[in-house]
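Novice: sequence first, then the predicted structure, then my questions.
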Protein chains: 4
Amino acid sequence: MVIVMREGASKKDIDELIALLHEVGAEAHVSQGEFRTVIGVIGDREKVMQMPLEAYAGVEKVVPIMKPYKLVSREFHEEPTVIKVRDAEIGGGHFNIIAGPCSVESEEQVLLAARAAKAAGAEFFRGGAFKPRSSPYSFQGLAEDGLKMLAAARDETGLPVVTEVLDVRDIELVSRYADVLQVGARNMQNFLMLKELGYSEMPILLKRGMSATIEEWMMAAEYILKEGNKKVILCERGIRTFETATRNTLDISSIPIVKGLSHLPIFVDPSHATGVRELVPPLCRAALAAGADGVMVEIHPNPREALCDGSQSLTIDGFGSMMEDLKGLAEYLGRK
Amino acid sequence: MVIVMREGASKKDIDELIALLHEVGAEAHVSQGEFRTVIGVIGDREKVMQMPLEAYAGVEKVVPIMKPYKLVSREFHEEPTVIKVRDAEIGGGHFNIIAGPCSVESEEQVLLAARAAKAAGAEFFRGGAFKPRSSPYSFQGLAEDGLKMLAAARDETGLPVVTEVLDVRDIELVSRYADVLQVGARNMQNFLMLKELGYSEMPILLKRGMSATIEEWMMAAEYILKEGNKKVILCERGIRTFETATRNTLDISSIPIVKGLSHLPIFVDPSHATGVRELVPPLCRAALAAGADGVMVEIHPNPREALCDGSQSLTIDGFGSMMEDLKGLAEYLGRK
Amino acid sequence: MVIVMREGASKKDIDELIALLHEVGAEAHVSQGEFRTVIGVIGDREKVMQMPLEAYAGVEKVVPIMKPYKLVSREFHEEPTVIKVRDAEIGGGHFNIIAGPCSVESEEQVLLAARAAKAAGAEFFRGGAFKPRSSPYSFQGLAEDGLKMLAAARDETGLPVVTEVLDVRDIELVSRYADVLQVGARNMQNFLMLKELGYSEMPILLKRGMSATIEEWMMAAEYILKEGNKKVILCERGIRTFETATRNTLDISSIPIVKGLSHLPIFVDPSHATGVRELVPPLCRAALAAGADGVMVEIHPNPREALCDGSQSLTIDGFGSMMEDLKGLAEYLGRK
Amino acid sequence: MVIVMREGASKKDIDELIALLHEVGAEAHVSQGEFRTVIGVIGDREKVMQMPLEAYAGVEKVVPIMKPYKLVSREFHEEPTVIKVRDAEIGGGHFNIIAGPCSVESEEQVLLAARAAKAAGAEFFRGGAFKPRSSPYSFQGLAEDGLKMLAAARDETGLPVVTEVLDVRDIELVSRYADVLQVGARNMQNFLMLKELGYSEMPILLKRGMSATIEEWMMAAEYILKEGNKKVILCERGIRTFETATRNTLDISSIPIVKGLSHLPIFVDPSHATGVRELVPPLCRAALAAGADGVMVEIHPNPREALCDGSQSLTIDGFGSMMEDLKGLAEYLGRK
């Protein structure tokens, strides 16, 4: 950590600050410039981070040097994390497809979609039983009934189920039916939920918040790992920007960045990122080419009847031909 | 709602769509342009909104015309909502100041801050007992002990207490000690919590999410009003943009916009919006001049020892002189 | 175009508006809803767009239906535009690489870089002789001397030269030496320059402005095409967002979107988008996989001595191995 | 400047870097942490800034400590700059209003608007003769004819004229008619134009670019001051964000921030920032209360007939009553 003093900070200010740093066991390296003084601080990160350094007299700004996370970082764990879910493996050279409808609407719809996902070669099935909707007047999901339909679809097809936990009180309930718990973008900084998920043994698919920096996303994952659960899959789903041609802006650069910073697997969800069906296949290809460990896409046996986000769901046919395409490309790129 | 058809949408597509609209009881007004057809839809908003119109063949886009919220709108409730909290009133021409430390750290700190708030003329006292922190290694708040200290400060000073509920499971607990429940920016779209707060009788201070549009913020308030709780106070606290000179960008325009759209009172929190102590007084003046119903500011008896956000807290002296300034201005502007 | 009237707009307001629309020869289709009236307008787009409709009494908002551009659109010109530059072709299934240093620094540097670009298989050579720099104290380019060095490098290697015109007064000068004129992100809305370039016969590489929507970018291209120059190559180079891990956020979705909207070729510049050398190869692969017509990358014989943007330039070796990689992938994807 | 080395940077990397810094006459202060090394650099800013430090082996990032501008800073020039334009003074406690139509449309329109501006108490008159329009099909301004109308309006009313220079080739022409040259948001980083304006003796109103940080804006002003022209007035006009309720997001915090960083006067343009007439009066009040040196607003004798931006123009009556309001508030706040 580097502390930059204001021009004209007094010797007394500087000395007091150094004394305080010594109190928490940190070393202070002082560089005296022509106009201002800069103090390099070396010591126990957690202790130093608790000090409100910017509030001290004479301090202009504090520049962090170390990354604020640890357990999720490559420095801490060099090898890529591989997560086993039933017979499938995520990370470590695999490229997995999670497919399914935005929300669970009926037993028939779920079964049709799951069979189609299986037939086309997807390894995971997704569907929402609890739906976060910006309007209180929109369809909110089938709750436990929906979970049961998802489990039934898994029993038939063998595809492990990925589904969202919307409320901290439902973790146990959802865990009874699902194979992977999804944390939605709006809950990425629901810190108490992250903590509870850290006590769980379920794999967690952690979506990036729509205004979260990559660093904040890493920190959210750190909350889970800190409590003991190491099975975290990151999922890029677009960030909010001024561009309105897509619902959000898919941050494709986050894939190689996260690969460099962390050992955790990273997926991409182009359906939610863009909200436009036609963009899903080219963006899946781009995600694969950029190094993602998998993609999550929405499919619907009949998008016209979808109770949510029908306009971004692929048809069964569209999904099938995209899968052909991705399989070939994954093979060419040497992915499993 | 207006449906814009693609160039080259077939007559069959258009007829099918109209038939479907008739099925849910809506009227369709067709305008046939040289290149494309536009359909004006009139009917029960909720029913039409449930249809996945953009997924139908031939549809290019759907343009909503009506606002998606109702109970929070001025059209629904012309008069400004006035919320009574103990002896204080919020809204309807009043200008109220909520002051206090970012987080509750000790009995002494809380009492000193509350006395200072009272002495300078604030009408509400704030302090966080549960703290949302992006790092799992940062101070997370004193929980129920902190709530007790806040209640004790209220008992001495008479200032009603505003404090954040971070977890849906704590609503009851926090309600036992607080007078106003704060929903933080990260929970603005925690829809299940909003719903629960709708069943409560406590006034709710609803902060704007850092990447929420004004419309989404109105919808979040609608969630609360829909369940019966009409005592919602909105609070602008800055949005996330590319500018890094401030922590967030205070959206001052949101004040007159919200005043036009809604009957609910709106506050401004310049401490969290900017993260910079020196900016708080000019932005409080600006908020008052733009028509806000109040401001919420951070003060700390000793900012240097604050366990969180010390650099944005006003000192007791700084707060006192700002209050003098604001009182005069409020009086000049005819505010109570 | 659809005009949404305010709730409570008077019959007089509506009638006056319709009369005005008739005056410019437009038709007005009125839909009378329960709460408000919506008017569909059909007529000469340019005439209607000149009317300040939102300023009329009773008007709440005006919703455009038609795209505001024409010559750049696929509707106007179905086939992809192919641009011939010396022996190379851009667009129409080709995938081209433009490589070279950020700025021209010396004859030797330019020649080394151009030979390396040629050897590795790039089809175009780039280099800046006029540099837009946010600080007046930074290196501003070698001007005409730099242009001469670029031309000399072309004479030796045969690679056509792409270079930026920074000032409208330099168009003629730069055209004497270059094969493709680049319009930088900061000049994307320099409308008078765009107009002048419309009179030119040179191919134009039009970078997206860092806060330009895709629609505004299309409009900028329309300015050039309108004056007669049809040889426009679009280039995505990242947009400004809150994320600070990269200099800008590469909007990968813009590739398939532009491919859908327009017949013009689109390139991607991952060097400027990210500012990070390590991210260039994965993002070039992603751009190719998403359907881009080419990429533009920075290389430098010795990045440590680069006078600008050294940290985003590939080394000659790094570029060579990336080219191998891209060639294979382009072949697999059936690109020329 | 602080250089942060990567974990595992070799001693050789560090030593080489230090040697290079010594070559340009800079001092290097090394802090050796447990995991990484940090180097504080002290020396001639311009020389060090020219080194591509991030491209050197072992360097992770470079953190600037000093502000990159000088002449515009308060450290360089403590006293607020006061700019005299004919009989008016800008800055130093004055609060000035610039009013007029978005674009010059006819002699009559200009005269009516100028008389109204004068009658209500504005000190400056504005109007655009050259208009930057995102569509090539929109009205582009009357050019020199428009400038003549503006000059005629000044001759009658005595109000100095503020008008935009859109093209570097028109600086001389516009200077013949205008009293203050406006640089629009799209030209804020047209560095060659800024340089030319630095040679001029005209006062310059420099609008903030819609995606420019405050620091970049200061740097743009530095370009002008560096060439000798010290008469720069800054003008905040909103930044581009995800919020669509307003055309841009007025960054009210920029006022006190700029006041802290620079001696230059700062204005606010709420008409362009929001695009909504009703928001102009409350935001003018807010700008004044936050410490701005003035505001620039659009008025039109008949907004319904305005050829551009009619929906954001105040009527003559609306402007008159806003002026009454602002005069009282300015007086209360002790402004001239």
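Specialist: Alright, I've got the coordinates.

Novice: got the residues of the stretch 1-150 of chain A near chain B?
Specialist: Taking Cβ under 8 Å from any Cβ of the partner chain as the test, the list of the stretch 1-150 of chain A residues beside chain B reads A:45-46, A:49-50, A:52, A:54-57, A:68-69, A:132-140. Every C-beta, even on glycine, is put in place using the N, C-alpha and C of the backbone.

Novice: the residues you listed in helices, which ones?
Specialist: The helices in this structure, assigned by DSSP state H, contain A:Arg45, A:Glu46, A:Met49 from these.

Novice: the last one touches B:Arg133, doesn't it?
Specialist: No - at 10.4 Å, A:Met49 and B:Arg133 do not qualify as touching, with contact defined as Cβ atoms under 8 Å.

Novice: so who does the residue of the stretch 101-250 of chain A found nearest chain B touch?
Specialist: Using Cβ to the nearest Cβ, the single residue of the stretch 101-250 of chain A nearest to chain B is A:Ser211, 3.2 Å away. A:Ser211 is in contact with A:Ile239, A:Arg240, B:Met210, B:Ser211, B:Arg240, C:Phe242, counting by Cβ atoms under 8 Å, 6 or more residues apart in numbering or on different chains.

Novice: now for the residues you listed: which two are most distant?
Specialist: Across those, no pair lies farther apart than A:Ile239 and B:Met210, at 12.1 Å, counting by Cβ to Cβ.

Novice: list the buried ones in stretch A:4-11?
Specialist: Neighbour counts using 16 or more other Cβ atoms under 10 Å in any protein chain shown place A:Val4, A:Met5, A:Ala9 of stretch A:4-11 among the buried residues.

Novice: repeat that for stretch A:181-189.
Specialist: Residues of stretch A:181-189 classed as buried: A:Leu181, A:Gln182, A:Val183, A:Gly184, A:Ala185, A:Arg186, A:Asn187, A:Met188, A:Gln189 (neighbour count, 16+ other Cβ under 10 Å).

Novice: quick one, what contacts A:Phe139?
Specialist: With contacts defined as Cβ under 8 Å, 6+ apart, the neighbours of A:Phe139 are A:Ser103, A:Lys131, A:Arg133, A:Leu307, A:Cys308, B:Gln50.

Novice: got the confidence number for it?
Specialist: At A:Phe139, the pLDDT value in this model is 81.

Novice: cool, and A:Ser134?
Specialist: Looking at A:Ser134, its pLDDT reads 86.

Novice: leaving out chain neighbours, which residue sits closest to it?
Specialist: Using Cβ to Cβ, 6 or more residues apart in numbering or on different chains and skipping the chain neighbours, the partner closest in space to A:Ser134 is B:Met219 (5.1 Å).

Novice: thought that neighbour was touching B:Leu71?
Specialist: No - look at B:Met219 against B:Leu71 with Cβ under 8 Å: they stay out of range, at 10.6 Å.

Novice: more crowded one of those two?
Specialist: Higher neighbour count among B:Met219 and B:Leu71: B:Met219, with 25 against 19, using other Cβ atoms under 10 Å in any protein chain shown.

Novice: about what we covered before: among the contacts of A:Phe139, which ones are buried?
Specialist: A:Ser103, A:Lys131, A:Arg133, A:Leu307, A:Cys308.

Novice: which one of these is nearest chain C?
Specialist: Each of these was checked against chain C using Cβ to the nearest Cβ; the closest is A:Cys308, at 21.1 Å.

Novice: residues contacting the closest one?
Specialist: Residues in contact with A:Cys308, defined by Cβ under 8 Å, 6+ apart, are A:Cys102, A:Ser103, A:Gly128, A:Lys131, A:Arg133, A:Ser138, A:Phe139, B:Pro52.

Novice: pull the longest helix from chain A.
Specialist: As assigned by DSSP H, the longest helix anywhere in chain A is helix A:316-332.

Novice: returning to that earlier point: how about a markdown table for the buried residues of stretch A:4-11, with secondary structure, distance to B:Gly40 and pLDDT added?
Specialist: Rendered in a markdown table, the data for these read as follows (DSSP: H, G, I helix; E, B strand; the rest coil; distance: Cβ to Cβ, whole Å; pLDDT from 0 to 100):
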| residue | secondary structure | distance to B:Gly40 | pLDDT |
| --- | --- | --- | --- |
| A:Val4 | strand | 59 | 83 |
| A:Met5 | strand | 64 | 86 |
| A:Ala9 | coil | 66 | 86 |
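
Novice: which of those residues come close to chain D?
Specialist: Of the residues in the buried residues of stretch A:4-11, proximity to chain D by Cβ under 8 Å from any Cβ holds for A:Val4.

Novice: which of the buried residues of stretch A:4-11 lies closest to chain D?
Specialist: Closest to chain D, out of all of the buried residues of stretch A:4-11 and judged by Cβ to the nearest Cβ, is A:Val4, at 5.2 Å.

Novice: show me the domain layout of chain A.
Specialist: Using automatic domain parsing, the domain ranges for chain A come out as A:2-63, A:83-333.

Novice: out of those, deepest packed?
Specialist: Sort these by mean neighbour count, taking mean count of other Cβ atoms under 10 Å in any protein chain shown, and domain A:83-333 sits at the top with a mean of 22.

Novice: now do that one: distance to the chain's middle.
Specialist: Between the mean C-alpha location of domain A:83-333 and the chain-wide mean there is a distance of 9 Å, by Cα atoms, centre = their mean, to the nearest Å.

Novice: now do the same end-to-end measure for that domain.
Specialist: Its first and final residues considered, domain A:83-333 spans 21 Å by Cα to Cα, to the nearest Å.

Novice: tell me which parts of chain A are close to chain C?
Specialist: With Cβ under 8 Å from any Cβ as the criterion, chain A meets chain C at residues A:211, A:213-215, A:239, A:241-246, A:249-257, A:260, A:273-274, A:278-279, A:282-283, A:285-291, A:328-329, A:332-333.

Novice: which residues of the stretch 201-336 of chain A lie near chain B?
Specialist: So the stretch 201-336 of chain A meets chain B at A:210-211, A:216, A:219-220, A:222-223, A:226, A:240, A:303-311, A:313 (Cβ under 8 Å from any Cβ).

Novice: let's see that with 6 Å instead.
Specialist: For the stretch 201-336 of chain A, the residues found near chain B under the criterion Cβ under 6 Å from any Cβ of the partner chain are A:210-211, A:216, A:219, A:222-223, A:226, A:240, A:303-304, A:306, A:310-311.

Novice: redo those as CSV? Include pLDDT and secondary structure.
Specialist: Listed next are those as CSV, based on pLDDT from 0 to 100; DSSP: H, G, I helix; E, B strand; the rest coil:
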residue, pLDDT, secondary structure
A:Met210, 96, coil
A:Ser211, 96, coil
A:Glu216, 97, helix
A:Met219, 96, helix
A:Glu222, 96, helix
A:Tyr223, 96, helix
A:Lys226, 96, helix
A:Arg240, 97, coil
A:Pro303, 77, helix
A:Arg304, 75, helix
A:Ala306, 73, coil
A:Gly310, 73, helix
A:Ser311, 79, helix
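
Novice: least trustworthy helix or strand in chain A by mean pLDDT?
Specialist: Taking mean pLDDT, DSSP states H and E as the measure, the helix or strand of chain A with the lowest value is helix A:45-49, at a mean of 73.

Novice: so what touches that helix?
Specialist: Counting contacts by Cβ atoms under 6 Å, 6 or more residues apart in numbering or on different chains, the residues outside helix A:45-49 that touch it are A:Met1, A:Val24, A:Ala26, A:Met66, B:Tyr137.

Novice: at 8 Å instead, please
Specialist: Where contact means Cβ under 8 Å, 6+ apart, the residues beyond helix A:45-49 that reach it are A:Met1, A:Leu21, A:Val24, A:Gly25, A:Ala26, A:Val41, A:Met66, A:Pro68, B:Ser135, B:Tyr137, B:Ser138.
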